[in-house]
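Novice: here's a sequence, model it:
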Amino acid sequence: MRTGVLVCAALIFTGTLTGAADEPAKEWENLQGKWKVVVKDGKADYPWDYIAKNGWFVIAKEKATLVIREGKEELKLAEFAVKIDASKSPKVVTLTVEYIAPEGEKAKQKGKKLVGVYSIDGDTVRIMLGEEKNPPKSFPVKGDEGVTTLKREKKK
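Specialist: Numbering: from 1, shown residues only. Just a heads-up that it's a prediction; the model follows:
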């Protein structure tokens, strides 16, 4: 009897750990893909208006790459290492700049961290970022000031 209880407890505990371990993988699976910038701050000012028309983010496990189309060329503008914590409410994201174009003065931003919150609802991601020392803890109660909205691009 005692052994049966221990086996049941071990199975429950193991199942719980496995389920918890699968959560980040599921979250990454939901985030992967090609995403268009739809809204930045509820309006489209430069450079977000240009990015919304000509660019997109590609999110793959632990990386986000900002790409724009210039004529027939696709140019990588920036690349970020991405860490997420989907166990928090709201969910937390940390982006670390790994590459930013053009090099030169902007290269000083390599290693810079942007921290914030995100939410994903189907094919829509909302993200709000701030400086590492003072990141946003939640989305605005009213309006979308500071929020960037991304829509998943459907595969053709």
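Novice: how many neighbours does residue 56 have?
Specialist: A count of neighbours around residue 56, defined by other Cβ atoms under 10 Å, yields 21. In short, each C-beta sits where N, CA and C put it, glycine included.
Novice: now do the contacts for residue 33.
Specialist: 58, 59, 152, 153 (Cβ atoms under 8 Å, 6 or more residues apart in numbering).
Novice: for the chain, what spans make up the strands?
Specialist: Per DSSP state E, the chain carries strands over the ranges 33-40, 55-60, 63-70, 73-85, 91-100, 113-121, 124-131, 148-152.
Novice: could you list the domains of the chain?
Specialist: Following the assignment in automatic domain parsing, the chain carries domains at 1-31, 32-152.
Novice: deepest of the ones you listed, which one?
Specialist: domain 32-152 (a mean of 15; mean count of other Cβ atoms under 10 Å).
Novice: where does the protein have low pLDDT?
Specialist: 1-22, 39-46, 103-107, 156 (pLDDT under 70).
Novice: 90 - rerun?
Specialist: Within the chain, the ranges that satisfy pLDDT under 90 run 1-26, 28, 37-53, 61, 100-110, 141-148, 154-156.
Novice: any idea what the residue nearest the centre of the chain is bridged to?
Specialist: Using Cα atoms, centre = their mean, the residue of the chain that lies closest to the mean C-alpha position is residue 93, 6.1 Å off. Listed by DSSP bridges, the beta-bridge partners for residue 93 are residue 84, residue 116.
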